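*Asks:* Fold the following.
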Amino acid sequence: MADNFRPYPGMNQGMTTCRRFLQAAAALPPFLATRRVRAAQGDPARLALVIGNSAYRQAPLVNPANDARAMSGLFGEAGFTVDARLDATRADMLAAIERFGAAIRRPEIRQVVFYYAGHGVQLEWRNYLLPVDAEVDSAAQVRQRCIDLNQLLGQFGASKDKTYIIILDACRNDPFGSAFRPEQKGLSQFDAPVGSLIAYATSPGNVASDGGGKNGLYTENLVRELSRRETKLEDALKRVRLNVRLASRGAQIPWETTSLESDFFLFKSAQRKLSDAELEKELEADVEAWTRIKSSRKADDWIAYLRDFPNGRFAEIAQMRLARLLAETEKTVIATAAAAVADPQNMPRIRNEAEYDALPKGSHYIDPDGNVRRKS
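*Replies:* Predicted coordinates:
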C-alpha cells in the first residue's frame, strides 16, 4: 500500500472487485478508486461509501459506474476516506454497508457521505437499491434480492456531532426490463434522519436520465457544482436543480429533504484569508461580468454568470431575472404552440426522417398521419 494512502478497517476485503477500473480512473485525482484515500488531504473525520452499478443482467445502464468514479475522485480530493464499489452484487453491497456502518460509529467520524448511482425502485413506500445480480420478476423478489435503503439508514445513529449526506442518482426507468414493472416509478420521498440531507436525482415518483455523455445528467452537474471551493452544499444543489431542469426541459427536477442544522462544505473554507488586492480583483471580475450581461435577454448568459459567481455581489438579482426570463419564455412557447395548433395551415408537413431532422427543436409539425406534434 502506498505511504500516502490510509484504509479504514475492513477496507482491504474484496480489493479485486474494482481493480480493473483503476486505469480508466487515472484521469481523476490520484486516489485508489476502490478502497483508499489520499492521506495528504488528511481528515480522519470524513468517510464516504460510493456505489455505482451499471452491468445489470436485466436492464444494463451506461453511466453509473462512471458516475461513481467521478464522485469517488471528488470525495477523495476533499479528504474523505472513500470505499468505492463498482458493479456490486448483493453480497458486495451488504458487506460494504455493514463495514460502513461499523466505521461511522467511531467517535472521530464527523462527516459521512453515501452516494449511489444505478437502478432504484419503490415498493409499498419503501425504497430499494438494485445490485447488479438482482433478477426480479415479482414484488416479493424485490424484497428478497434488492437492498432496502432503510437497512443503510439504520446504520446512521442520531448524533448532534455527526453530519450525514445521502445522494441517490437511482431513478432510471424500467429497472427490471420487461420481466417486472413496479406500479410506481422512481423512488418515494422520506424524511431525512436527524442531522442529515438526502439528495435525489429527480423528484419523488419520477425517473432520471442516464445521460448521453460519460456521466448521467444529475451527476455531471453535481460534480461541477460541488467542485467549487468554499461553496455551501445547499447552494450547490440549488444550481444543480436549475441546470438539470433546464437541460431536461423540466422532465427531471432534482429534489432534497434535509434536517441539517449547520452548513456543510465539501471543500472547506481556505485557511488563508484573501488579501485586499485579491478581493478587489474578484470584485472587478464580478462587476465586469455583470456589466456584460445585465441587459441580456438570453437565459444562457444568466446561467453562465451564476455558475461563475454563485456567491457574487449580484447573484440574488441574477436568480430573480433568470426566473422571470424563464417564465416569460415558457409563456411564449405555450402561446406559440396554441397558435400553431389553432392554425395548422402554417405548420410544416413532415414526410420523412430528413425533414424531421431539419426542424428546430420545439417546432410544431404535422406527421404523415395528420397529427400535430412538437419536436422535443
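
*Asks:* Report the separation between residue 132 and residue 91.
*Replies:* 11 Å (CB to CB, to the nearest Å). From N, CA and C alone the C-beta is placed, and that goes for glycine too.

*Asks:* Between those two, which is the more surrounded one?
*Replies:* Here residue 132 and residue 91 are set side by side on neighbour count (other CB atoms under 10 Å), and the busier one is residue 132, at 23 against 11.

*Asks:* The more buried one against residue 89, yeah?
*Replies:* Yes. The criterion here is CB atoms under 8 Å, and residue 132 meets it with residue 89 at 6.1 Å.

*Asks:* Let me know the secondary structure of residue 115.
*Replies:* Classification of residue 115 by DSSP: H, G, I helix; E, B strand; the rest coil places it in strand.

*Asks:* Contacts only, for it.
*Replies:* Counting by CB atoms under 8 Å, 6 or more residues apart in numbering, residue 115 touches 48-51, 68, 71, 75, 167, 169.

*Asks:* Tell me which of those fall in strands.
*Replies:* Using DSSP state E, 48-51, 167, 169 are the members of the contacts of residue 115 that sit in strands.

*Asks:* Counting neighbours, which of these comes out on top?
*Replies:* Highest neighbour count within the ones in strands among the contacts of residue 115: residue 169, with 31 neighbours (other CB under 10 Å).

*Asks:* Report the spatially closest residue to residue 150, excluding sequence-adjacent ones.
*Replies:* residue 126 (6.6 Å; CB to CB, 6 or more residues apart in numbering).

*Asks:* Quick check: pLDDT value at that neighbour.
*Replies:* Predicted confidence (pLDDT) for residue 126: 80.

*Asks:* Can you give me the buried ones in stretch 281-297?
*Replies:* By 16 or more other CB atoms under 10 Å, the buried positions in stretch 281-297 come out as 286, 289-290, 293.

*Asks:* Would you format these as TSV with secondary structure, distance to residue 151 and pLDDT included?
*Replies:* As requested, the buried residues of stretch 281-297 are exported to TSV (DSSP: H, G, I helix; E, B strand; the rest coil; distance: CB to CB, whole Å; pLDDT from 0 to 100):
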residue	secondary structure	distance to residue 151	pLDDT
286	helix	46	88
289	helix	47	90
290	helix	49	90
293	helix	48	90
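
*Asks:* Can you tell me which of those residues is nearest residue 250?
*Replies:* Using CB to CB, residue 293 comes nearest to residue 250 of the buried residues of stretch 281-297, at 23.6 Å.

*Asks:* Please name the residues that touch that closest one.
*Replies:* With contact set as CB under 8 Å, 6+ apart, residue 293 has these partners: 301-302, 304-305.

*Asks:* And residue 133, by the same measure?
*Replies:* Taking CB under 8 Å, 6+ apart, one finds 57, 89-90 in contact with residue 133.

*Asks:* what's the spacing between it and residue 61?
*Replies:* The value you get for residue 133 to residue 61, if CB to CB is used, is 14 Å.

*Asks:* Could I get the pLDDT score of residue 373?
*Replies:* 73.

*Asks:* Do a quick rundown of the strands in this protein.
*Replies:* For the chain, the strands defined by DSSP E occupy 46-52, 81-86, 111-117, 120-123, 126-129, 147-148, 163-169, 196-200, 255-258, 364-366, 372-374.
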